[in-house]
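J.: Here is a sequence with its predicted model. Questions after.
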Amino acid sequence: MNDYITVEELREMLHVSRATAYRTARQLPHIRIGRAIRVSRRGLESYLRAHDYAIPTDGERSRPW
């Protein structure tokens with residue numbers, strides 16, 4: 001299992017805009033490789049549990065209604 005994900009992968013997982021993904025990435029444990037940011041998968045899971053968000057499964061999107 002890969003311990004880090006890209007911001008693009010984070011964006012796709014959370015179904016958010018690119019800007020929101022970068023803002024969220026700054027709040028999570030992350031590393032920089034040059035200009036690239038990699039987010040800790042465990043850090044993301046902890047963040048989602050702490051904020052009581054469910055991790056969407058493939059093809060599943062949250063509905064505001």
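T.: Everything's here; your move.

J.: Strands along this structure, start to end?
T.: Ranges of strands in the chain, per DSSP state E, are 4-6, 30-33, 36-40.

J.: Between these, which one is closest to T20.
T.: strand 36-40 (13.1 Å; CB to CB). All C-beta atoms are positioned from the backbone trio N, CA, C, and that covers glycine.

J.: Show residues contacting that closest one.
T.: Applying CB atoms under 8 Å, 6 or more residues apart in numbering, the contact partners of strand 36-40 are 3-7, 10, 22, 25, 28-32.

J.: Send me stretch 38-47 as CSV with only the CA atoms.
T.: Coordinates of each C-alpha in stretch 38-47 appear next as CSV, following Å, rounded to 0.1, in the frame of the first residue of the first chain:
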residue,chain,number,x,y,z
ARG,A,38,2.3,14.1,-1.1
VAL,A,39,-0.4,13.7,1.6
SER,A,40,-0.2,10.9,4.2
ARG,A,41,-2.9,8.4,3.6
ARG,A,42,-3.1,7.7,7.3
GLY,A,43,-3.3,11.4,8.1
LEU,A,44,-6.2,11.7,5.7
GLU,A,45,-8.0,8.8,7.3
SER,A,46,-7.5,10.3,10.8
TYR,A,47,-8.7,13.7,9.6
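
J.: Of all residues in the protein, which one is nearest the centre?
T.: L10 (3.4 Å; CA atoms, centre = their mean).

J.: is it true that that residue touches R23?
T.: No - in this structure, L10 is not within contact of R23 by CB atoms under 8 Å, at 10.7 Å.

J.: With mean pLDDT and mean neighbour count added, can I get the strands of the chain in TSV?
T.: Output for the strands of the chain, formatted as TSV (pLDDT from 0 to 100; neighbours: other CB atoms under 10 Å):
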stretch	mean pLDDT	mean neighbour count
strand 4-6	97	17
strand 30-33	96	11
strand 36-40	96	18
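
J.: could those go into TSV alongside distance to V16?
T.: Shown next, in TSV, are the strands of the chain (distance: least, CB to CB, whole Å):
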stretch	distance to V16
strand 4-6	14
strand 30-33	16
strand 36-40	13
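
J.: Okay then, goodbye and thanks.
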